[in-house]
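Q: model the following, please.
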Amino acid sequence: MNSAAWHARIHCGHEVGAGFLVTARRVLTCAHVVRFSDQDTVSVVFPHARELGEVSASVVAHGGWAGGLTDPGDVAVLELDREVPLAPARFAPPSAAYTEPYPRLVAYGFPGGYDEGTLAEYRAVSGQLIAGEWLELVAWQGHGQPIVAGFSGAAATLPDGRVVGMVTSASDAPDVRKGRMLPLDVLARYWPELGELVPTPGHREDTLRELYELLRCVPGARECDPNRLYVDAVGAFGPPLPAGGFPTLGAAAAYVQWEVPDPAAVERLAGRLRELVGAGPVAPPAPPLARAAEDGKAAQASPPWAPVVVEIDHSGAGLDQVTVEVSAYRDGQRRPVGTRRLPRTGVRSYVQHRIDDAVAHLDPDAEELVTFVLPREWLNEAVAHWECGADDSTPLGCAYPLVVTDRARHRSNRLRHQLRKKWQKLDGGRPVEVHRVECGSQERPPSLRKRLWDGDAGLAGFAVPPTAAREHFEIGLNVPVPVLLWSRTGCPAGVHGERTCAKAHEDPRRAWSGHREAAAAVTVTADPPRTGARCLGAAFLDQLAVAVAEVPPAELPRHVRSLRMTADAADEPDRHWARDLQLLWDDPRCFSEPAASLHSPVD
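A: This is a model prediction of the structure:
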């Protein structure tokens with residue numbers, strides 16, 4: 001009977017249950033058998049190897065069982081205080097428990113009066129899981145040993161002794177011989193290491209062995225995001241990331257093994273982990289775009305942007321109702337994460353949750369770029385100041401490179417084509433001139449259009465927000481200028497005229513720190529203010545010109561995030577010139593296609 005020596009009797013206080021040896025030191029049982037393990041010692045006895053005596057054990061993993069009869073996760077993993085010289089249990093594919101004709105299943109339990117153990121014979125009712133958790137069992141015959149206390153944690157085995165599941169409970173109704181077991185694939189959901197031991201149809205054993213060997217190596221080599229690696233493994237058309245994602249890399253691997261129908265997903269996951277293990281310690285991130293050296297060496301390309309797109313549009317259901325869609329771009333494909341029709345007051349909370357979900361879909365090697373595609377009247381919305389979430393007060397504009405773009409421009413074929421050509425000219429990595437649009441500007445819109453076209457403008461800076469210079473902003477949006485920058489709060493001169501502008505400059509409470517020094521260092525070349533004083537809008541443009549003087553356009557999202565973080569960390573953030581900096585940055589090459597027209601979801 002040495003072949004059955006892996007059956008175990010578990011003692012924890014007054015509780016007695018069953019278990020089975022899966023490695024030289026690990027035993028599986030039910031969580032409710034060892035629920036008092038924090039107060040009582042757990043001991044394990046192997047009835048077919050009495051010479052080993054009682055072996056002390058501790059709970060090293062569990063399935064999160066909450067204590068109720070129908071609560072999921074009634075799984076506990078015990079670690080023995082020493083290895084035992086016994087062959088562990090062998091496993092069958094999970095489907096063997098319910099393949100026609102349904103086989104007889106044998107459970108080895110320890111009810112009262114049977115310290116040496118006794119057998120019960122059952123079969124599965126169906127392959128249908130109860131509540132996604134259990135297979136239901138019925139007695140093989142109308143008589144014989146029922147499943148009672150002492151069978152919890154027992155292995156359910158085929159006649160050849162291979163394990164297909166673990167018994168967890170029985171019906172307490174009189175004259176009803178029924179019970180439940182957790183099949184192997186569900187057990188592996190709670191203890192992923194089991195996946196290495198269980199045959200999985202469609203998967204090569206050597207690939208699975210390598211996968212789990214890599215899982216043991218990766219945590220010491222590099223921190224990994226299990227959600228990103230899952231998305232990378234299943235590919236563009238694989239099953240979406242489950243709600244809530246994966247707490248560990250092992251959980252993601254188990255899901256790929258058991259739930260993803262494409263066997264190649266396991267191979268892709270193993271390949272990705274192989275790369276990570278071979279990469280060694282993580283090196284500090286290289287500069288995203290190396291500037292051209294004095295000897296004329298070409299600039300190095302930056303890692304690809306991985307856009308998370310938040311698109312907002314009017315829903316047609318009312319003036320206060322908008323439709324919000326959050327997507328992630330991966331391998332040139334747009335992956336919708338969520339769409340919802342909301343009142344304007346509900347947009348921020350929804351976006352906070354969905355951005356975090358969308359990031360999990362991105363390529364692990366790419367850098368996030370949060371892009372808000374907004375109706376024109378929303379362009380001045382303080383999205384960079386929105387907090388990351390209810391439990392994280394970090395502004396989105398400090399957590400990610402964050403940009404906005406105009407929805408009408410984003411969907412214009414003409415502008416997308418022209419912007420692509422403009423970016424080809426900007427890809428050399430050289431900084432570009434700031435084409436200034438001053439506060440209180442008297443420049444006619446057609447003149448501004450010609451100035452931007454003739455100057456082949458790559459960047460335009462506005463001293464006031466869109467609402468204060470609507471016609472000038474529309475010119476900037478409808479000419480293929482890839483980058484527009486402005487201060488959301490702007491300068492009072494844009495609304496109230498020259499006297500207010502000059503007064504604002506003279507009031508030290510309204511002046512940005514350091515703007516006088518910047519004003520002295522920068523020569524204004526276009527449309528200077530009409531007063532001798534330097535107004536807040538002009539001071540903003542002066543600071544902006546200094547801040548971006550050495551920054552290639554492709555680097556501006558990262559650079560602006562740095563400026564926002566500097567402003568947020570200042571002793572007086574409200575006085576920092578970059579506090580309300582808004583960046584419209586538009587590179588159509590980041591998106592394989594414009595987002596489809598938003599439709600209000602059916603709620």
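
Q: run a quick neighbour tally on Gly490.
A: Neighbourhood size, Gly490 [other CB atoms under 10 Å]: 23. (C-beta placed from N, C-alpha, C; glycine too.)

Q: excluding residues flanking it in the chain, which one is nearest it?
A: Val464 (3.9 Å; CB to CB, 6 or more residues apart in numbering).

Q: now do the phi/psi pair for the one you found.
A: Main-chain dihedrals, Val464, degrees, to the nearest 10: phi -130, psi 160.

Q: pretty sure it contacts Gly537?
A: Yes. Here Val464 reaches Gly537: they are 5.8 Å apart, a contact under CB atoms under 8 Å.

Q: those two: which has the busier surroundings?
A: Neighbour comparison, Val464 and Gly537: the larger count goes to Gly537, with 31 against 27 (by other CB under 10 Å).

Q: state the pLDDT value of that one.
A: Looking at Gly537, its pLDDT reads 87.

Q: distance-wise, check it relative to Ala154.
A: Relative to Ala154, Gly537 is positioned 78 Å away (CB to CB, to the nearest Å).

Q: beta partners for Val322?
A: His314, Leu342 (DSSP bridges).

Q: contact partners for it?
A: Applying CB atoms under 8 Å, 6 or more residues apart in numbering to Val322 gives the contacts Ile312, Asp313, His314, Ser315, Arg341, Leu342, Pro343, Arg344, Val347.

Q: mind doing that once more with 10 Å?
A: 312-316, 340-344, 346-347, 375, 378, 598, 600 (CB atoms under 10 Å, 6 or more residues apart in numbering).

Q: can you check Cys224 too?
A: Contacts of Cys224 by CB under 10 Å, 6+ apart are Leu215, Val218, Thr248, Leu249, Ala252, Arg272, Leu273, Leu276, Pro364.

Q: those in strands, which ones?
A: Among the contacts of Cys224, no residue falls in strands (DSSP state E).

Q: ok, the residues you listed vs Ala149, which is closest?
A: Nearest to Ala149 among the contacts of Cys224, counting by CB to CB, is Thr248 at 33.0 Å.

Q: spit out the contact partners of that closest one.
A: Here Thr248 is in contact with Pro192, Leu215, Pro219, Cys224, Pro226, Ala254 (CB under 10 Å, 6+ apart).

Q: okay, and the beta partners of Ala57?
A: The partner residues for Ala57, given DSSP bridges, come to Val42, Leu80.

Q: what's around it, how many residues?
A: 28.

Q: over to Gly338?
A: 15.

Q: give the contact list for it.
A: Val324, Glu325, Val326, Ser327, Tyr350, Val351, His353, Arg354, Asp357, Ala358, Pro601 are the contacts of Gly338 under CB under 10 Å, 6+ apart.

Q: ok, Glu267 next?
A: His203, Arg204, Thr207, Glu210, Leu211, Ala233, Val256.

Q: and if you look at Ser43?
A: Ser43 touches Arg9, Ile10, His11, Cys12, Gly53, Glu54, Val55, Ser56, Ala57, Leu78, Leu80, Asp81, counting by CB under 10 Å, 6+ apart.

Q: let's see 6 Å
A: His11, Glu54, Ser56 (CB atoms under 6 Å, 6 or more residues apart in numbering).

Q: can you check Ala97 too?
A: Ala124, Val164, Gly165.

Q: can you redo those residues as CSV with neighbour count, secondary structure and pLDDT?
A: Output for the contacts of Ala97, formatted as CSV (neighbours: other CB atoms under 10 Å; DSSP: H, G, I helix; E, B strand; the rest coil; pLDDT from 0 to 100):
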residue, neighbour count, secondary structure, pLDDT
Ala124, 22, strand, 91
Val164, 25, strand, 95
Gly165, 28, strand, 95
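
Q: narrow the contacts of Gly338 to just the buried residues.
A: Val324, Glu325, Val326, Ser327, Tyr350, Val351, Arg354, Asp357, Ala358 (16 or more other CB atoms under 10 Å).

Q: from those, which single one is nearest His385?
A: For those, the nearest to His385 is Val351 (12.7 Å; CB to CB).

Q: for the closest residue to that closest one other than its chain neighbours, give the beta-bridge partners.
A: Among residues not flanking Val351 along the chain, Val310 sits closest, at 5.5 Å (CB to CB, 6+ apart). Under DSSP bridges, the beta-bridge partners of Val310 are Val326, Phe372.

Q: Val310 against Val370, yeah?
A: No. Using CB atoms under 6 Å, Val310 is not in contact with Val370; the gap is 7.0 Å.

Q: among the contacts of Cys224, which ones are buried?
A: Using 16+ other CB under 10 Å, the buried ones in these are Leu215, Val218, Leu249, Ala252, Arg272, Leu273, Leu276.

Q: from those residues, which two are the most distant?
A: Of all pairs in these, the most separated under CB to CB is Ala252 and Leu276 at 13.4 Å.

Q: overlap in contacts, Val464 and Gly537.
A: Common contact partners of Val464 and Gly537 (CB under 6 Å, 6+ apart): Cys439, Cys491.

Q: for the stretch 151-300 of the chain, what spans make up the strands?
A: 155-157, 163-170, 178-183 (DSSP state E, counting those that start in this stretch).

Q: now those as CSV including distance to Leu452?
A: Shown next, in CSV, are those (distance: least, CB to CB, whole Å):
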stretch, distance to Leu452
strand 155-157, 75
strand 163-170, 70
strand 178-183, 66
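
Q: related to what we said a few turns ago, among the contacts of Gly338, which ones are in strands?
A: Reading strands off the contacts of Gly338 with DSSP E, I get Val324, Glu325, Val326, Ser327.

Q: just the closest of these to Thr566, please.
A: Checking the ones in strands among the contacts of Gly338 against Thr566 with CB to CB, the nearest one is Val326 at 28.2 Å.

Q: show the pLDDT at that closest one.
A: 91.

Q: burial count for Cys439?
A: 28.

Q: wait, Ala569
A: Counted with other CB under 10 Å, Ala569 comes out at 10.
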